[in-house]
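[1] how does the following fold in three dimensions:
(2 chains)
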Amino acid sequence: MLYFSKLRITLVSLVTIFFIFIATSNFQDSENSFISKRINLGLDLLGGSYLLLEIDNEPVEIQKLQNTTTVIRNFLKNKKINFNDLRIQNKKIIFNVPKDTTELVKTFFLDKESEINPYYNQYKSHQFDVIIQGDEFILTLSKYGLIEIKTSSQDQALEIVRRRVDEVGTNEPNILKRGNNRILVELPGLDDPMRIKSLLGKTANLTFRFITQNNNETFGVETLQFEDGINEALVSKRIILNGENLLDAQPQMNNQTNETVVSFTLDRVGAKRFGKATSTGVGKQLAIVLDGKIVSAPVIRDTIASGNGQISGNFTFQSATDLALLLRSGALPAPLNIIEERTVGPDLGQDSINAGVIALMIGFLLVIIFMFFKYKMFGLIANITLLINLFFLVGILTLFEATLTLPGIAGIILTVGMAVDANVLIFERIKEECKNEKNNIIAFDTGYVKSKTAILDANITTLIAAIILFFMGSGPVKGFSVTLAVGIFTTLFSVYFIARMLTGLYVVRNKEKDKLI
Amino acid sequence: MINFNKFYKLFNLISLSLVIISILLLFFKGLNFGVDFKGGTLIELRANDKSINVTSLRQSFNRMNIGDFNVKKFGNENDFLIKIEKKDTSANAIEIIKKELTSSIGSFFNFRRVENVGPKVSAELLKSGVIAIALSLAAMLFYIWIRFEWQFSIGAILALFHDVIITLGLFSLLNLEINLSIVAAVLTIVGYSMNDTVVIYDRVRENLRKFSDIKIYELTNISINETLSRTIITSLTTLLALVSIYLFGGEILKGFSLAMIMGVVFGTYSSIYIANPILVKLRVSQKTILKEDTE
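    Have a look, this model is predicted:
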C-alpha cells in the first residue's frame, strides 16, 4: 500500500526540478535563460497606460442614411417610379410612391437579392427594416444593419489607432477590440499618455474646399470657423480632395518664411484633381479643413500639377509633426471618446512589486514557522511542499506567459496561506486515526482516504469563485483570479504527489514510533 | 470537547442583529464607492517638496473649480490621493490639473497613478460586480445541493450571506472604499467561507452515517470539535498571509486585504455558528443522508 515505485519517485522529482528551473528562469537575463518564456507584468506593476476608447457611431449612422437616400433616389429614378417626399427623419428614411407601384417597390427592398437593401444570410435579416403604411415606405436600420456598421467602423478605427500608436513608437502596444464599439489600448511603460490621447482624440478628417461668397452653389455651402475660433468663412460643400488622396505628409521648415509647415504628397488621382482645381481656381482661396475647422486658406497663385503642396498655419514643430502623423495614418471613421483611463507611473509599479515581494516573503515565513512549530517533522514536509508548490505556481504562470498584476501577487500570497489547508486536513485526520489504530501505516492511509472528499469540496468551491471572477472581473482583478485558480491545481498536485510521497517515506521509516504526529 | 451547541441560540441572535444592522447601514448610509463604480478621477501624487500638505493641496484644487473633490494622505509622508467626483471630465482634464498644480504651488509633482472612469464604464463595472457576486452565491448553492442534501445547501448559503452582508456592513460603517479589488475580495470570501463550511459538513455527514442514535444537536457539536483544530490552523495560516499583505503589500492592497481578513474571521465563525444550527433547525437526521445514499 505504502510503496512508491522508483519510477514514480523519479518522475515526481523530474517534474519538480523542471518547474523550479522554469520558475527561476524569470529572474535570469533572457539571453542566458533556457526558455524564452517569462511572466508578463501587468500595467499596474510595469507602469503604463490603459485607455478604453468608445467609437461614437452616430455620425457613421447618419452618413449611412444619407448615402442610402442618394442610392434610393437614383435607383427609383432609373426604375421610372414617381416617388416623392424622400427624406430622413429621426433616423428613418421615408418616402411615398404611387399606390399601384407599392407591390413592385416592396420587392425591390425585400427581395433576398435586393441591390439597395442587402440581405445578410448569416443573420437572416436585411440591412434595413421596411415598414409600409399605405403608400408610405419607412426604412430603419435593422439590428444587424447597425451591427454591420459598428463592426466595420470598429475594424477601420482599430487599424487607424494602430497606425497612430505605432507612429508614436511606444513599446509593444496592445490594441484590442472590446465588444463591437470599443477599442482597448494598452501602452506598457508609458507614464504620460497625453500625446497619444490627443492624437487618438482627433478624427483627422481632411478636406480641401474652395472658399466662396456665393450662397447658391449646387453642392451647398456652410460656414466654418478658423482654428483660432474667431474668424469664419463660407466654404463650399464640394470636396476637391480629401485625406485619402494623401500619399505622405511630413513636417518641414519653410526656409523663406521661417515657418513650420506640413508638406504633403498626393497620389495620382489626387494630383490630377489638385492640378485641375488649382488651374481653374487661380486667385481663389482654397480652404484646408480639418475636422470641421479651417486650418488655413491660402490664395491659389499658380497651377500645382506636381501633386506636392504645403499646409501652413500657426504650427509649432510639435503640432506640425502631429498633424503630419495624423494625415499619414488616415482619418478615423468616427470620433473616439476615451471612456476609461488608468495610468501607473513606473516608480509606483516598482514600489508595488517590492511591496508584493516583501509581503510574500513575510507571509511565507510566518506560515512555515507556524507549521513547523505545530507539526514538527510533518510541518517540515508541509513546508517543503509549500515551497515546491510556489515553484509550480510561478512555473505554470511562466509557461502560459500569464500576466502578473498586483492583485495577482496577493493571490499568490493567499495561496500560500490556504495551500497548507489540504495538508492540515490530512494531518489532523491521521492524528485522529492514530488514536484508535496502532498501525501507523494503516492510520496514514485511512487519513489520506477519509480526508479526500473534504479537500476536494473545499478546493472546488474556491475554484468556482475564481472562475466566476475570471469571467466577470476586469483588468488587474483578472490576474488575481488566474493565480488563485492555478494555485488550487498546483496545491492539489503538490499535496497528493509530493507531500504524500514524503510523508509516506517518513511513516514507513517510523512505523514503530509511538506518537507519529 | 467544547460545547459549541450551547451557544447556538445566543450567537444566532447576535448574528441576526448584526445582519440587520448591516442591512440598515447599507440601506441608509450606503457604501463608499470608489471611482471604479462611481466614475470620476483618481490621482495619486507624490510631492517633491516636504512642506506640501493636505491643506495646501486642497486650496489649490479649490481654485481649479472642478467640483467636488477629496484630498487625503496615502501611505507615505508626501503621498496624496485626490478623488474628483466630476463625471464628465474631458480627456485633457488631467493635463489641466497638472499645469494648474505646478503653477499654483510651484513644486514638482510625480503623478504616480491616474485613473479616469467615465459614467458608462463605472455603471457597467458595478453591474458586473453585482452579477459576479450573485453568480458565485448561486454557483455555491448549486454545488452544495449536488454534493449534499438541500438542508445543507440552505445552511451553507445562509452562512455565505451572513459573511458577505456583515463584511459590506463593516465597510459601510467604517466608510471604507469599495473598488474592483473589493469585489475580488468578496468573491474570495465566498469561496473561503464555503470551503470552511464544507469541511465541517463533510464531517457531519460522515458522523450521521456512523451514529444513528445521536441527535443532530449533539452530532454537529461532535463534528465541529473533530474539525476544530483544522478550522483554527487554516484560518490562522490564511490570516498570517493576509496580515502580511495588509502590513507590507503596499497601500493599494490595503482595502482588499482588510476585506479578506474580515471575511476569513466571519467565514470561520459562520461555518460553526450559522451553518450548523441551520441543520438542527431543519431537523437533519440519518434519514436525510440515507435517502441520498440509496438514490
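
[2] low-confidence bits of the chain, can you list those?
    Reading this off chain A. Residues of chain A meeting the criterion pLDDT under 70: A:1-2, A:29-35.

[3] actually it's chain B I care about, not the one you picked
    Checking chain B against pLDDT under 70 turns up B:87-92, B:106-107, B:291-295.

[4] got the buried residues for stretch B:174-188?
    Neighbour counts over stretch B:174-188 (16 or more other CB atoms under 10 Å in any protein chain shown) mark B:176-188 as buried. (C-beta placed from N, C-alpha, C; glycine too.)

[5] determine if any part of that stretch is in contact with chain A.
    Yes: interface with chain A: stretch B:174-188 contributes B:180-181, B:183-184, B:187-188 (CB under 8 Å from any CB of the partner chain).

[6] now render the residues you listed as a markdown table, adding secondary structure.
    What follows is the residues of stretch B:174-188 next to chain A, written out as a markdown table (DSSP: H, G, I helix; E, B strand; the rest coil):
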| residue | secondary structure |
| --- | --- |
| B:Leu180 | helix |
| B:Ser181 | helix |
| B:Val183 | helix |
| B:Ala184 | helix |
| B:Leu187 | helix |
| B:Thr188 | helix |
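
[7] identify the farthest-apart pair in the residues you listed.
    B:Leu180 and B:Thr188 (13.1 Å; CB to CB).

[8] beyond whichever strand or helix holds A:Leu365, next helix or strand please.
    Using DSSP states H and E, A:Leu365 sits in helix A:346-375. Toward the C-terminus, helix A:346-375 is succeeded by helix A:377-399 as the next helix or strand (DSSP H and E).

[9] what is that following helix packed up against?
    If you count contacts as 3 or more CB pairs under 8 Å, 6 or more residues apart in numbering or on different chains; DSSP states H and E, helix A:377-399 packs onto helix A:6-25, helix A:346-375, helix A:406-436, helix A:476-493, helix A:500-509.

[10] could you find the closest non-adjacent residue to A:Ala499?
    A:Thr385 (4.1 Å; CB to CB, 6 or more residues apart in numbering or on different chains).

[11] check B:Trp145 too.
    That would be B:Ser153: by CB to CB, 6+ apart, it lies 4.2 Å from B:Trp145.

[12] what is the neighbour count of the one you found?
    19 (other CB atoms under 10 Å in any protein chain shown).

[13] ok, it touching B:Ile144?
    Yes: under the contact definition of CB atoms under 8 Å, B:Ser153 touches B:Ile144, with a separation of 4.0 Å.

[14] hang on, B:Phe152 packs against B:Ile144?
    Yes: using CB under 8 Å, B:Phe152 is in contact with B:Ile144, at 5.7 Å.

[15] what's next to stretch B:41-49, contact-wise?
    A:348, B:34-35, B:57, B:74, B:76, B:78-84, B:86, B:89, B:93-94, B:97, B:105, B:107-117 (CB atoms under 8 Å, 6 or more residues apart in numbering or on different chains).

[16] just the helices in chain A please.
    A:6-25, A:43-46, A:58-78, A:102-110, A:143-168, A:194-200, A:268-280, A:317-329, A:346-375, A:377-399, A:406-436, A:440-472, A:476-493, A:500-509 (DSSP state H).

[17] per-domain residue ranges of the chain.
    Using chain A. For chain A, automatic domain parsing gives the domain ranges A:6-46+A:345-509, A:58-146, A:206-342.

[18] my question was about chain B, not that one.
    Split by automatic domain parsing, chain B gives B:4-34+B:121-294, B:40-117.

[19] return the residues in contact with the residue lying closest to A:Met371 once chain neighbours are set aside.
    Sequence neighbours aside, A:Gly379 is the residue nearest to A:Met371 in space, at 4.1 Å (criterion: CB to CB, 6+ apart). By CB under 8 Å, 6+ apart, the contact set of A:Gly379 is A:368, A:371-373.

[20] tell me which entries of the contacts of stretch B:41-49 lie within helices.
    Short answer: those in helices (DSSP H) are A:348, B:35, B:57, B:93-94, B:97, B:105.

[21] between those residues, which is nearest A:Gln122?
    Nearest to A:Gln122 among the ones in helices among the contacts of stretch B:41-49, counting by CB to CB, is B:Val35 at 40.0 Å.

[22] adding mean neighbour count, write the helices and strands packed on helix A:377-399 out as TSV.
    Formatted as TSV, these follow (neighbours: other CB atoms under 10 Å in any protein chain shown):
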stretch	mean neighbour count
helix A:6-25	15
helix A:346-375	19
helix A:406-436	25
helix A:476-493	24
helix A:500-509	18
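
[23] now those as TSV including distance to A:Lys79?
    What follows is those, written out as TSV (distance: least, CB to CB, whole Å):
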stretch	distance to A:Lys79
helix A:6-25	70
helix A:346-375	65
helix A:406-436	63
helix A:476-493	56
helix A:500-509	82
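
[24] A:Leu336: which of those helices is closest?
    Closest among the helices and strands packed on helix A:377-399, using CB to CB: helix A:476-493, at 23.8 Å.

[25] and the closest one, how far out from the chain middle?
    Mean-position distance between helix A:476-493 and its chain equals 23 Å (CA atoms, centre = their mean, to the nearest Å).

[26] for that helix, packing partners?
    Helix A:476-493 packs on helix A:377-399, strand A:403-404, helix A:406-436, helix A:440-472, helix B:180-210, going by 3+ CB pairs under 8 Å, 6+ apart.

[27] okay, these in JSON lines with distance to B:Arg283 next?
    Listed next are the helices and strands packed on helix A:476-493 as JSON lines, based on distance: least, CB to CB, whole Å:
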{"stretch": "helix A:377-399", "distance to B:Arg283": "39"}
{"stretch": "strand A:403-404", "distance to B:Arg283": "50"}
{"stretch": "helix A:406-436", "distance to B:Arg283": "28"}
{"stretch": "helix A:440-472", "distance to B:Arg283": "23"}
{"stretch": "helix B:180-210", "distance to B:Arg283": "12"}
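
[28] distance check, A:Lys6 against A:Val15.
    15 Å (CB to CB, to the nearest Å).

[29] on that earlier part again, tell me which of the contacts of A:Gly379 is nearest to chain B?
    A:Met371 (7.2 Å; CB to the nearest CB).

[30] surely A:Ile498 and A:Ile388 touch.
    Yes: at 5.6 Å, A:Ile498 counts as touching A:Ile388 under the criterion of CB under 8 Å.

[31] what about the strands in the stretch 201-350 of chain A?
    Applying DSSP state E, counting those that start in this stretch to the stretch 201-350 of chain A gives strands spanning A:206-210, A:221-226, A:232-236, A:241-242, A:246-254, A:259-266, A:286-290, A:293-296, A:308-315, A:336-344.

[32] good, wrapping up.
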